[in-house]
Each structure stands twice: as C-alpha cells, then as structure tokens.
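K.L.:
give me a model of this one.
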Amino acid sequence: MERTGRGLPEGMEALSRQVSAMREALARSEENTQGMVAALGSFDSRVSAIEANIRPVQVRTQAITMAHENIDRTIENAETILAQFDIVRRAEAVISRGPHENLKNFLEAVDMLKGVVNFFSLNKDFKSCEGVLNQVNNLLNKSALKIPIQAVNGKPVKPNLLFDCLLKHLMLSKGDSEAVGEQPSKSFETAMHTTLIPSGILPLLHKRLIKIKRHLKTFFRTLLLHDIACQLVQDGNPQSCYRIYRDARSSALELSLQKLGIETLSKDDVERMQRVALQVNIGTWTQCMQITVKVLLAGERKICNQIFDGITFDKDQCFAELAGGSVMTLLSFGDTVARSKRSHENLFLLLEMYRVMHEIQSEVEAIFQGKFCSEMREAALNLTKSLAQIAQEILVDFEEAVVKDSSKTNMQNGTVHPFTIEVITYVKSLLDYQSTLKILFQQSETCSEAESQLAVVIMKIMQALQNNLNGKSKQYKDPSLSHIFLMNNLHYMVTSVRRSQAKDILGGDWIQRHRKIVQQNANQYKRVAWARVSLSSAITCGAGSSAPSDVSSSGVSRSLIKERFKSFNVQFEELHAIQSQWTIPDQELRDNLRLAVAEVLLPAYRVFHQPNLVQREKNPHKHIKHSPEALEQFLAQLFQG
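P.N.:
Alright, predicted model coming up:
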C-alpha cells in the first residue's frame, strides 16, 4: 500500500477528508436551522397578533349565522303548523257535510285528520298542542259515527234471491248437489254482503282495506265492516257501533219479511179468514220460516260473528236484539193459528206448520245459542210442541166426530155417501203426512210405537166410519137397498185403501176382511131383493109337459102357469123400475152384481119359458111378455141411477 506525504495510507486520507466536509456541512445546517426558528418565532408572534385582532369579528359572524338558522327553522315550523291548522280547517268543512255528498273527499278528510293527530303526537312540545289534538279527535269521532251509517245498509234482500237460496238449500239437503251449483250459503253470503255495504263504497275503500287485510275477495265486505267496527271501538264509540249495526240490520230483516208477505194477524183475523186465504197465509208463513231461519238468520248470525270478532261487547246480544222482533213476529203468527178455533180441515195446515218447525229445529238451536237468544229458542220449541199437541187432539176429535155424525142426508139411490167420501179423503190426506205424523207421535213414543200408533189412529177412524155407515143403512125401509148402500160404501172404502198408502198401514188382512163384508152384503141383497120373484112352482107344474094327455089332464096347470107369468111380470117390472133408479157407481161391482142376479134369474126363466101350455094358445104374449133375451137386457139396465 502506498503512503502519502503524511505517512498515512492513501485510503485513510480520503476518508478523513470526507469526514471533515461533513462536519462543515452540519455546522452550516445548524446555522440555517437556528435562522429559520428565529424567523418562525417572529411569524408566530405576528399570527397571534392577527388572530387576536380578528377573534371578535369571528364571534360576531358565528352569532349572526346561528340567528339566521334559528329564524329559518322557526319560520319552517310555523309554516308546518299553519299547514296543519289549514288541514284541520278544510277537513272540518268536509266532515261537517257528511259522507253522503262526496264519500271520497270525506274519507280523504278523515285520513288528513289522522295525519294531523300523528304530527302533534310526535311534536308535543308545541304550544296549544293539546287543544288542537282535542279538536281533531272530536272531528274524528264525528266522522267515525257517520261512516257506519253510510257503510251499513238497511236494505232488504230481494225475495227472488231468498227463494233461490232456499231452493238450493232444500235441493242440497236432498243430495242433489249437481243441480245446486253454487253453495246456497255462498250465494246468500254474497247477497248479504251486498246489502250490508253499498256497491259505491267498495271501490273507494278497497285499497284502504287491502293494506290491512289480505283475505279473499268474498270476505272483503265483512272485513271492511269489521275494520270500521274496530275503529269505532278504538275511538271510544263501542255503543254507537253496536246501536248503528243493530238498528240497520234489524230494519233490513223486517223489510225482507214484509217483502215476503209476512204480516201481523190477530186471533180474530185468523178466525174470520176464509179457508183459501188462510191456506195462502200459512203457505207464505211456512216458506218464510224456512227462508228466515235457513237463509236470513243463518247469514245474519255468521256476518255478525265475523264483523264483531274480537270486539269487547257481546255479539250474541247484538244478534238477539236485531233478530228478536222479526222472529217473534213469525212465531206469533204460528201461535195465533194454533190458538184459533179448531177445525178438522185445519189439521193439515197445522201438520205442515209442524213439519217446517221440526225441520228447522236443529238450525234454530244452532243459530239461537246463548242466554240472550234463549227467549227465541224456547218460543220456537214451544210452538213446535203446541202444534204437535193440537194436531193429536184434532185427530181424536175427528174420530169422535165420525162416530157421532148424524147427518140427515139419505142417499135414496144407495150410492156412496158424501160423508164416506169425506172421511176417506181425510184419511188419504193424513197419509200424505205419514212421515210428519210418525215424527209427531215419536214425541212420546219410540219409532216402532209411533208407526203402530199411526196405524191405530187410521184403524179407529175406519172402524168409526164403518159403524156410522151401519147406522145410516138402517134408515132405509127397503132392506135390499140397505145392503146396496153398505156394499157401495164398504167397497169404496176397500178400493180407496187398496189404491193408497193406507194399504201399508191397515194391511192386507184388513182389505180381505172387508172384501168379504162387501160380498156378504151383495149376497144378502140377492136373497132379499129377488126372493119374491119365484118361478119354482110354475116350473114344477107346467114345464116339460109335451104329451097331449098332459094337456087334457092339466086344466089347472094352464091357469097356474098363466098366474105365475102374470105374477112374475108384475114383480119383475116393479123391481126393475125401482132398482134402475139405484146406483152402483163402481162399474166392476155393478157388472158383477148384475151377473149374479142374472145367474139366479135367467136359468129358471129359460126353463119356465120352454114350450108350455100357455105358449100353445092363440095370444101367448098376453101372459109371456119377456123373452129370456129381453129379460137379460132389462137386467143390464139395473143400478144405472
């Protein structure tokens, strides 16, 4: 390694020079730093002096800015409050006119008032806030009372719709579901909803309600009323809600019954009424009872339960009060008819009323549940029992009336007596109500006993009629006509039973037994009526005498035969003249009896009519007036009337 003049190596000398240069640079930098610090210190002093001079100006500027902001906020709040007051003023004007003038504006005004309430509820620090809230709440209460009056209709359901619903209900109960189509409950529910809420309200309120309830459209109207009812209760008006709904629907129910033809009648009105008019009124009543219970009240009950679901007051009481008047009007008519003067003709009207009351009994118990409906429920049950009791009493009275009948009408031609026709018609009409009568008897009997009880009643009436006819037959002076009378009437009884439902009640033994009685009277008639027309002696004396010796030795026989012919002619013509006036209305019975008489008379007459002593005379027609063929023609004219 080379050395420098100092004696150090060349590398070390270079390093020493660099160190010296760095020291000099640091010394200069320190001098510069001290100069800058001195300059900055001087600048800070000047800045502090400036800040001290402008601070008062900044304070004043900030104060002015805050004041402007406060003024802007105050003006903005004042404008908002004034806007709320303006809303209240405009809404009050609309609400005071009511919903009928413009329902849309009315509902919008209600919404605006609710917005005002919400505004002041969130800003309770405003002065006069409480006073404004009181004013707005009063307006809302007024509007709440007016909305249900507009929303709840008091219009009746159209009668044709009610009859249609009832027809569907009855067809459905018989299992004819295909012919029914839409369920009657749905049909009526649609009709009920339509009458509850006018159609003009629905488009206006649909959007409002759909935000609250997401139910099917078929329940929309009910939900609307439920929403209104809840709003009334929330606004502190439950009694107003109760009263408005009750009065509106009660009025609608009464109007519906009036349109169906129901009117209040007194006992005197019923008793003065002609039978046809009474039938019409009772027919109307039975239909109305079914419509009212199965359709109207069932619908009212369902809608009432839906509308007031979850609301504090008693739904049962509301329904009982709205339905009570109409139900009692209907039941009072039934009671009036039941308490009116009894007659056998009215039995079938009472049975029809009983049938309907029994048929709706299950619906009555379902609809009139609860203590508030107990009066209507018990009234319906009492009417049913009363109708059953009176019907049974009339049946007993009728049997006694058949026994005691002493009508002076005497059928001179021996035909079927009107009383027989009347009683048989009555019995056949009873059998048209066979199922109803069995139900009626079941009130105190078992099923089998009820059926046998009906048979006993029918049997007693038929026996009473037979006894009565036996008594009437004794009024005839001619015994043969008495037997014709009994034969005609008993045959009418047997034929009527055989051709009606009575055959199943009375049985085949009864029919066979009474057929024998008919035949017995026919035989008695033949014996009594034709016993006097006897040809046996003449036949013995003159028939078959062909030898000349007989002619010469029988002078007495010729005169006897002449006398017999004369007697026969007189008696036969007399009987023919009388019995041609008698009547056997049944053709088969008439033909059979003619044949029976011919079988007795014609064979003997043909034997007697054989060539005999009288026929050998010059003028035999003086004594032999009728040929066997002519006699047969005369017999064919009997019992024509």
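
K.L.:
and stretch 478-496, which residues are buried?
P.N.:
Within stretch 478-496, the residues scored as buried using 16 or more other C-beta atoms under 10 Å are 480-496. Heads up, the C-betas are built off the backbone N, CA and C, glycines and all.

K.L.:
got the CA positions of that stretch in CSV?
P.N.:
Only the C-alpha atoms of stretch 478-496 are listed here, as CSV (Å, rounded to 0.1, in the frame of the first residue of the first chain):
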residue,chain,number,x,y,z
ASP,A,478,-186.2,-51.4,1.8
PRO,A,479,-183.7,-54.0,3.3
SER,A,480,-182.3,-54.7,-0.2
LEU,A,481,-181.4,-51.0,-0.7
SER,A,482,-179.8,-51.1,2.8
HIS,A,483,-177.5,-53.8,1.6
ILE,A,484,-176.8,-52.0,-1.7
PHE,A,485,-175.8,-48.9,0.4
LEU,A,486,-173.5,-50.8,2.6
MET,A,487,-172.0,-52.7,-0.3
ASN,A,488,-171.3,-49.5,-2.2
ASN,A,489,-169.8,-47.6,0.8
LEU,A,490,-167.7,-50.5,2.0
HIS,A,491,-166.5,-51.3,-1.5
TYR,A,492,-165.5,-47.6,-1.8
MET,A,493,-163.5,-47.9,1.5
VAL,A,494,-161.8,-51.1,0.4
THR,A,495,-160.9,-49.8,-3.1
SER,A,496,-159.6,-46.5,-1.7
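
K.L.:
help me confirm that Tyr354 comes into contact with Lys438.
P.N.:
No. Using C-beta atoms under 8 Å, Tyr354 makes no contact with Lys438, being 12.0 Å away.

K.L.:
have a look at those two and say which one is more surrounded.
P.N.:
Each of Tyr354 and Lys438 has its neighbours counted (other C-beta atoms under 10 Å); Tyr354 has more, 26 against 15.

K.L.:
any buried residues in stretch 454-469, and which?
P.N.:
The neighbour-count check on stretch 454-469 (16+ other C-beta under 10 Å) flags Leu454, Val457, Ile458, Met459, Lys460, Ile461, Met462, Ala464, Leu465, Gln466, Asn468, Leu469 as buried.

K.L.:
kindly report the same for stretch 629-641.
P.N.:
Within stretch 629-641, the residues that count as buried by 16+ other C-beta under 10 Å are Leu631, Phe634, Leu635, Leu638, Phe639.

K.L.:
got a markdown table for the residues you listed, with distance to Val295 and secondary structure too?
P.N.:
Output for the buried residues of stretch 629-641, formatted as a markdown table (distance: C-beta to C-beta, whole Å; DSSP: H, G, I helix; E, B strand; the rest coil):
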| residue | distance to Val295 | secondary structure |
| --- | --- | --- |
| Leu631 | 73 | helix |
| Phe634 | 69 | helix |
| Leu635 | 66 | helix |
| Leu638 | 62 | coil |
| Phe639 | 58 | coil |
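
K.L.:
looking at those residues, which is nearest Gln279?
P.N.:
Phe639 (38.2 Å; C-beta to C-beta).

K.L.:
any idea how far the closest one is from Ser473?
P.N.:
Going from Phe639 to Ser473 by C-beta to C-beta, to the nearest Å gives 17 Å.

K.L.:
from the contact counts, what lies against the helix or strand where Phe333 lies?
P.N.:
If you go by DSSP states H and E, Phe333 is part of helix 315-339. In terms of contacts (3 or more C-beta pairs under 8 Å, 6 or more residues apart in numbering; DSSP states H and E), helix 315-339 is packed against helix 238-260, helix 267-272, helix 275-290, helix 298-307, helix 347-359, helix 374-404.
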